[in-house]
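1. Okay, here's the prediction I keep looking at, along with the sequence it came from:
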Amino acid sequence: MSTTNIMIAGVGGQGSLLASRVLGALAINKGFDVKVSEVHGMSQRGGSVVTYVRYSEEKVASPVICRGEADFLLCFEQLEAARWIEYLKPDGVLVVNTQKMLPMPVITGAAEYPEGIIDDLKAKGVKVIALDALKLAAEAGSEKAVNIVLIGAFARFCEFSKEEVEACIRSCVPAKFLDINLKAFELGYNA
Amino acid sequence: MSDKILLLGNGAVARGLYEAGCKFVSSYPGTPSTEITEFAAQYDEIYAEWAPNEKVAFEAAVGASIAGARSFTAMKHVGLNVAADPLFTASYTGVNGGFVIGVADDPAMHSSQNEQDSRHYAIAAKLPMLEPSDSTECLEFTKAAFELSEKFDTPVILRLCTRVAHSQSITALSDRIELPLKEYVKNPQKYIMNPGNAVRRHPVVEQRTFDIAEFAKTSSLNRVEWGDKAIGIIASGASYLYAKEVFGDKASYLKLGIVNPINADMVKDFASKVEELYVIEELDPVIESFCKANGIACHGKDMLPICGEFSQELLKKMLLGEENAVNSYEGNVPVRPPVMCPGCPHRGLFYVLKKLKLTVLGDIGCYTLGGAAPLTALDTTICMGASVSGLHGFNKVRPDSSDKTVAVIGDSTFMHSGMTGLTDIAYNRSVSTVLVLDNHITGMTGHQQNPCTGLTLKNVPVEPIKIEDVCAAVGIKRVRVIDPNDIKETEAAIKEELKVEEPSVIIARRPCALLKKVNYGCKYTVDSDSCKSCRLCMGIGCPAISFKDGKASIDQTLCVGCGLCETMCNFGAIRKVQL
């Protein structure tokens, strides 16, 4: 088995660290070797943030994912999909939240937020799973559950069973938020 | 599998401290090293604390070592500059209980102001340095560092880089060994570094370096992995992982765990058995220079960059000329730089600094973001504390502009090394105005306590040190406290203090919006009928406010209810909604 690469891209503060923790636990439970790489500090303050999850039956060497290597790209925001799409393998799967979060250069009018990102990517032949994860998370009971909605959408296409993913969410999420997150997972899975 | 868990590199170092019987940890936060000390604090068996700065932390750990305990201090690469003074002399005194210094470099500067390579310190201070590649090695090397420290009577540096410190990999755990304190015996020849004693200690240090280089020859911390011998690779840390990813068993490796001192015979032996030798190391050509000084031909910086991080992609491209097929997007993608959070108490202050067109000497912390658009109210950022002392020098040579120049420094940075600069201002009488941005926490590194917050690292309540008392104690007569969210008061106070012909301090006090105790209990919305599209509210650069269809709009998921935007609006279009 070659290494499976999952890259998570979002905006600092969106909860991508929890998503990577769930994915890491999934791979460990299957007995795979795993590496998860994250960035802390300055870039977390509303900046573009990426996290890498890599697993394999053999030993995983590098902690990072490079351009053209990701089997899955989980994007918490549209613009981040455009930014990081080069990291997706030509036949990889993009799971993207259609939510838009305006970066400061757009807010100040120094740059424009591009229109039609998802259609453009589809037209280029990228396998795209697009969903309004913010709306689904709100429906589940908290807008903070966007991460688990996206894990739900990912669960439809990954090699793990729905039950295996759900079990990992149970083990990673604090008890008092479990119901909301299980609902978010279900909504993402069925989106 | 129950004893094997996915552990952050920094968490694994902390686990190594626990298992090695370490009793004392003192550090100052700094990305990417911070979590080592935070994780260490979770063990009841380890006394752990945040010190005011890295020098203090280092010296506290030296004291604990001399007293007989295994002790540790962690810092980022630039923190080691602050602690460099005790570093060089602790090398001469050696240790009693084992003493390990964790230092985390930040290639690519994810969260740093420079890209210095800490290995130079190990060479300059003549100290052994270990460099792990993953979490398993973080744990094992930490334990080995204590063994080495006590075996050779030396402080040992454990060097991490961002990708090792902040990557998780599977790690096996063991039990703690509980060690009694070693006996403390007076030994002035070893511990009093006056010239007479230091002269006798220097040759001891030189002999020690020689002995450790001999030890390195057979130590399991270094290893050779034979594969194809056409290519031989010398690497350590994350660089070794990238090389493994690219070359697998199509190359042979000399994997260095001890990066200082290096054993020349070991390297010569490896080099003689491979056809072509590559030194793969991030940042400076330290191992490469060693090879060349010993007459060992190798490739290194002739093919690989000095700046930035490596990756498997970079090695593939530079060494093999190969590139992956990629997906692409042709449109323009605006950058997404980090910004001050919604509700950040620094926002109002920087708005006023920009409005008054002041020259602003900045410091290290979240408020460095005040240099970005639209606030763009920052002139310098150099290192911890440099705003205050820099302001003093600036005003001494440009006294005519001292009414247009200020320093900004956070509460934690002020305690770290701002108060010494303020002492210079008071003692040497420069007409300077310092703004202390007291948000009740060490923000940028992820919310660590400091002497002003009233809690220790272990969450024990203590009497907070009052910044105004410190200012008064060093001799500043004019000290006032303002709320930076009150823009009128802030503007008036800054104008007034800049006018007076004596040193002054303004403490802008409001807690970080991300603190759990901060709950404004409301949000703000825009009544678009009242909005005159004047864009005044956009001037504060709040990520929650944008323009939609020609009117201001507040993102309800981002707004925390600080109310700064309401004070900006002259038409009452921004309204509070109670939750």
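-> That came through, no problem.
2. Name the nearest residue to the residue of the stretch 201-350 of chain B found nearest chain A, sequence neighbours excluded.
-> Here the residue of the stretch 201-350 of chain B nearest chain A is residue B:324; by C-beta to the nearest C-beta that distance is 2.9 Å. For every residue, glycine as well, the C-beta is placed using N, CA and C. In space, and not counting its chain neighbours, residue B:324 is closest to residue A:68: 2.9 Å by C-beta to C-beta, 6 or more residues apart in numbering or on different chains.
3. Helix, strand, or coil at the one you found?
-> Here residue A:68 is recorded as coil under DSSP: H, G, I helix; E, B strand; the rest coil.
4. Which pLDDT does the model give it?
-> At residue A:68, the pLDDT value in this model is 97.
5. show me the contacts for residue B:175.
-> Under the criterion of C-beta atoms under 8 Å, 6 or more residues apart in numbering or on different chains, the contact list for residue B:175 reads residue B:19.
6. So what touches the top helix by length along chain A?
-> If you go by DSSP state H, chain A has its longest helix at helix A:16-29. Residues from elsewhere that reach helix A:16-29 (C-beta under 8 Å, 6+ apart): A:4, A:6, A:8-10, A:34, A:36, A:38, A:49-53, A:55, A:74, A:76, A:147-148, A:150-151, A:160, A:164-165, A:167-169, A:171-173, B:1, B:6, B:168, B:170.
7. Skip ahead from it and say which helix or strand is next.
-> Downstream of helix A:16-29, the first helix or strand assigned by DSSP states H and E is strand A:33-37.
8. In strands, which of the contacts of helix A:16-29 appear?
-> Among the contacts of helix A:16-29, DSSP state E puts A:4, A:6, A:8-10, A:34, A:36, A:49-53, A:55, A:74, B:6, B:168, B:170 in strands.
9. Quick one: end-to-end distance for stretch B:409-416.
-> End-to-end distance for stretch B:409-416: 10 Å, by C-alpha to C-alpha, to the nearest Å.
10. repeat for stretch A:79-98
-> 9 Å.
11. Stretch B:257-269 now?
-> Taking C-alpha to C-alpha, stretch B:257-269 runs 17 Å from one end to the other.
12. likewise stretch B:74-90?
-> Stretch B:74-90 has an end-to-end distance of 16 Å (C-alpha to C-alpha).
13. swap in stretch B:361-380?
-> Stretch B:361-380: ends 5 Å apart by C-alpha to C-alpha.
14. Over to stretch B:321-341?
-> Chord length of stretch B:321-341, first to last residue, is 42 Å (C-alpha to C-alpha).
15. Stretch A:54-63 now?
-> From its first residue to its last, stretch A:54-63 covers 7 Å (C-alpha to C-alpha).
16. anything in it near chain B?
-> Yes - Stretch A:54-63 lies within reach of chain B by C-beta under 8 Å from any C-beta of the partner chain, at A:60, A:61, A:62, A:63.
17. Apply the buried test to those and list what passes.
-> Neighbour counting by 16 or more other C-beta atoms under 10 Å in any protein chain shown classes A:60, A:61, A:62, A:63 among these as buried.
18. any chance of these in JSON lines, plus secondary structure?
-> JSON lines is the format used below for those (three-state DSSP):
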{"residue": "A:60", "secondary structure": "coil"}
{"residue": "A:61", "secondary structure": "coil"}
{"residue": "A:62", "secondary structure": "coil"}
{"residue": "A:63", "secondary structure": "coil"}
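19. gap between residue B:382 and chain A?
-> To chain A, residue B:382 is 16 Å away according to C-beta to the nearest C-beta, to the nearest Å.
20. Now do stretch B:549-563: distance from first to last residue.
-> For stretch B:549-563, the first-to-last residue distance is 23 Å (C-alpha to C-alpha).
21. And for residue A:103, the neighbour number?
-> Close neighbours of residue A:103, defined as other C-beta atoms under 10 Å in any protein chain shown, add up to 26.
22. Can you give me the pLDDT of the nearest residue to residue B:429 once chain neighbours are set aside?
-> Counting by C-beta to C-beta, 6+ apart, residue B:429 lies nearest to residue B:503, which is 7.2 Å off, once chain neighbours are set aside. The per-residue pLDDT reported for residue B:503 equals 98.
23. What are the contacting residues of stretch B:364-374?
-> Counting by C-beta under 8 Å, 6+ apart, residues outside stretch B:364-374 touching it are A:45, A:104-105, A:108, A:110, B:113, B:337-340, B:344, B:346, B:349-350, B:353, B:360, B:362, B:377-378, B:381, B:383-384, B:408-410, B:412-413, B:437, B:439, B:442-444, B:512, B:538-541.
24. I misspoke; the intended subject was stretch B:479-495.
-> The contact list for stretch B:479-495 (C-beta under 8 Å, 6+ apart) reads B:345-349, B:351-353, B:355-356, B:358, B:406, B:433, B:435, B:437, B:468, B:471-472, B:497, B:504-510, B:562-564, B:567-568.
25. just checking, residue A:50 touches residue A:64?
-> No - contact criterion C-beta atoms under 8 Å: residue A:50 and residue A:64 do not qualify, at 9.2 Å.
26. among the contacts of stretch B:364-374, which are in strands?
-> Those of the contacts of stretch B:364-374 mapping onto strands are B:360, B:408, B:409, B:410, B:437, per DSSP E.
27. measure the residue most central in space within chain A to residue A:153 for me?
-> In chain A, the C-alpha nearest the mean C-alpha coordinate belongs to residue A:74, at 2.9 Å (C-alpha atoms, centre = their mean). Taking C-beta to C-beta, to the nearest Å as the measure, residue A:74 falls 8 Å from residue A:153.
28. any common contacting residues for the two?
-> residue A:95.
29. The helix or strand that contains residue B:16 near chain A at all?
-> In the assignment (DSSP H and E), residue B:16 maps to helix B:9-19. No - if you take C-beta under 8 Å from any C-beta as the test, helix B:9-19 misses chain A, and the best it gets is 9.0 Å.
30. Identify each buried residue in the next helix or strand after that helix, please.
-> Next along the chain after helix B:9-19, taking DSSP H and E as the criterion, comes strand B:24-27. Within strand B:24-27, the residues scored as buried using 16+ other C-beta under 10 Å are B:24, B:25, B:26, B:27.
31. cool, and stretch B:542-551?
-> B:542, B:543, B:544, B:545, B:546, B:547.
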